[in-house]
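>>> here you go, sequence then predicted model.
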Amino acid sequence: MDDSPRIRTVLGCTLLVAALGAGGTACSGSGHPLSAKPYDAAGQIAFNGPRTGHKADPDKPLEVTAQGDEGRITDVTATDAVGRYVAGELSADGRRWHTTSPLAADAQYTVRVSTEDEDGAPGRKVLTFETGSPSGDKALKVRFGPEGGTYGVGQPLTATLNKAVKDDTSRAIVERALRVESRPAADGGSWYWVDSKTLHYRPKEYWPAHATITARSNLKGVKITDTLRGGASRPLTITTGDRIEAITDAGAHSMTVYRNGKVINEIPVTTGKAGFETRNGVKVVLGKEYFVRMRGTSIGIAEGSSDSYDLPVYYATRVTWSGEYVHAAPWSVGSQGAANVSHGCTGMSTSNAAWFFKTVREGDIVKVVNSYGQEMDPFGNGFGDWNLSWRKWREGSALTPEGKTDPAVQARLSPEV
């Protein structure tokens with residue numbers, strides 16, 4: 001249908017109103033399309049949605065078409081119950097609208113259709129329906145960590161997937177649906193793909209002290225690949241306590257402990273001797289064990305050799321999975337503050353170890369400087385996440401500046417989830 005008569009009518013009315021001013025009522029009568037109440041456009045459109053009592057296949061596109069020779073569709077919006085928009089395209093002649101992005105599974109949708117008849121009178125129709133689960137679908141689920149509770153400001157968040165996600169586009173879809181919020185706000189924040197099933201999240205700097213941090217997934221029903229959709233996942237909320245940082249200077253044989261930026265203790269220590277040097281870098285507290293039996297065989301030292309040991313250890317604060325602790329070492333008190341004689345752990349007197357054990361919690365910062373040891377691994381031996389620069393950390397995200405505008409990603413999750 002040619003638009004030009006309708007356009008001339010609107011322009012003519014505009015000019016007449018301008019000429020008549022407030023008294024110009026010639027264009028505001030109840031029968032004129034500019035002021036007419038929208039009519040029910042049910043008979044003017046056809047919709048390929050499911051029959052009453054049935055659910056739509058989320059893998060099939062939606063389509064709204066104009067019926068008859070007169071009238072056209074002017075606008076269509078489709079949103080789900082959580083506000084996600086479905087991308088769509090309206091033909092130039094206004095005769096057909098169809099989706100250009102997949103629907104979510106197990107979701108409720110509202111479709112709002114605007115039309116106009118041959119005289120330009122507006123019509124409206126609101127359509128609602130639900131989608132089901134595609135046959136054979138296996139959902140991708142997310143388990144957030146750590147468990148709820150209070151942690152130190154160095155605690156990264158983790159997201160463990162029950163299925164591997166390998167290609168960049170699918171990773172971007174998953175990552176963009178994993179939302180993290182900190183109150184008070186953290187300085188930036190990004191996910192890092194450790195492997196195809198594991199992501200870690202950290203801010204640019206440490207979390208704020210006394211913050212509430214929530215992680216949640218908006219993947220439910222989202223199409224990730226042709227054979228994989230997102231499933232429901234439990235959100236996670238944790239809090240942070242004071243900002244506790246323990247900085248060990250292996251060269252000076254001393255640990256300085258800070259609370260919220262102020263020194264609260266200085267402790268003489270011993271760290272790893274030659275051949276067993278303590279790892280440099282930032283670690284976080286993984287857990288606390290009042291008693292641990294430590295054996296040299298656990299780190300590859302042959303039993304009966306000059307370096308062999310088998311000791312009862314108290315007040316042991318773990319910082320790596322491979323067995324590095326901050327702990328009581330009464331047998332080396334004479335060397336603490338003067339020499340490094342341990343097999344890699346940070347040793348101190350029993351009273352100091354008890355104080356440290358009581359003061360720190362999981363997620364607190366334990367940093368070693370001026371050791372001849374290797375650098376702490378970012379992943380695999382505890383939480384070494386903070387040893388990557390922010391630039392390097394961002395490189396581990398699937399949402400690179402290019403990925404954020406990837407049409408394939410935008411089509412599935414636009415505008416925001």
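Arrived safely.
>>> helices of the stretch 1-150 of the chain, start to end?
Secondary structure of the stretch 1-150 of the chain (DSSP state H, counting those that start in this stretch): helices located at 4-20.
>>> all strands for it, in order.
39-40, 45-47, 63-66, 72-80, 88-90, 96-99, 108-116, 122-130, 138-140, 142-145, 150-151 (DSSP state E, counting those that start in this stretch).
>>> can you lay out the ones you listed as JSON lines showing distance to S397 and mean neighbour count?
All C-beta atoms are positioned from the backbone trio N, CA, C, and that covers glycine. Below are those laid out as JSON lines (distance: least, C-beta to C-beta, whole Å; neighbours: other C-beta atoms under 10 Å):
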{"stretch": "strand 39-40", "distance to S397": "48", "mean neighbour count": "13"}
{"stretch": "strand 45-47", "distance to S397": "39", "mean neighbour count": "17"}
{"stretch": "strand 63-66", "distance to S397": "36", "mean neighbour count": "18"}
{"stretch": "strand 72-80", "distance to S397": "26", "mean neighbour count": "18"}
{"stretch": "strand 88-90", "distance to S397": "29", "mean neighbour count": "15"}
{"stretch": "strand 96-99", "distance to S397": "28", "mean neighbour count": "18"}
{"stretch": "strand 108-116", "distance to S397": "30", "mean neighbour count": "18"}
{"stretch": "strand 122-130", "distance to S397": "34", "mean neighbour count": "16"}
{"stretch": "strand 138-140", "distance to S397": "18", "mean neighbour count": "18"}
{"stretch": "strand 142-145", "distance to S397": "16", "mean neighbour count": "19"}
{"stretch": "strand 150-151", "distance to S397": "23", "mean neighbour count": "18"}
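>>> redo the ones you listed as CSV? Include mean pLDDT and distance to K166.
Rendered in CSV, the data for those read as follows (pLDDT from 0 to 100; distance: least, C-beta to C-beta, whole Å):
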stretch, mean pLDDT, distance to K166
strand 39-40, 84, 49
strand 45-47, 88, 37
strand 63-66, 91, 33
strand 72-80, 92, 27
strand 88-90, 92, 30
strand 96-99, 93, 27
strand 108-116, 92, 30
strand 122-130, 91, 31
strand 138-140, 85, 12
strand 142-145, 98, 16
strand 150-151, 98, 31
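>>> gap between the closest residue to G221 other than its chain neighbours and N280?
The shortest distance from G221 to any non-neighbouring residue, by C-beta to C-beta, 6 or more residues apart in numbering, is to A104 (3.1 Å). Distance from A104 to N280, counting by C-beta to C-beta, to the nearest Å: 47 Å.
>>> where does pLDDT dip in the protein?
Regions of the chain meeting the criterion pLDDT under 70 cover residues 1-36, 134-137, 296-299, 306, 308, 400-417.
>>> could the strands of the stretch 1-150 of the chain be laid out in TSV, adding distance to V360?
Formatted as TSV, the entries for the strands of the stretch 1-150 of the chain read as follows, by distance: least, C-beta to C-beta, whole Å:
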stretch	distance to V360
strand 39-40	67
strand 45-47	61
strand 63-66	60
strand 72-80	45
strand 88-90	54
strand 96-99	53
strand 108-116	47
strand 122-130	50
strand 138-140	36
strand 142-145	19
strand 150-151	11
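>>> more neighbours, A104 and N280?
A104 (25 against 19; other C-beta atoms under 10 Å).
>>> quick one: the more buried one from N48, how far?
A104 sits 18 Å away from N48, going by C-beta to C-beta.
>>> please apply the same query to T99.
Shown here: T99 relative to N48, a distance of 10 Å by C-beta to C-beta.
>>> what residues are shared contacts of these two?
Where contact means C-beta atoms under 8 Å, 6 or more residues apart in numbering, the residues bridging T99 and N48 through contact with each are L62, E63.
>>> still on that earlier bit, for the residue nearest to G221, give me its contacts.
For A104, the set of contacting residues under the criterion of C-beta under 8 Å, 6+ apart consists of P58, D80, R84, T131, K220, G221, V222, K223, R229.
>>> OK, contacts around D167?
Shown here is D167, whose contacts under the criterion C-beta under 8 Å, 6+ apart are T225.
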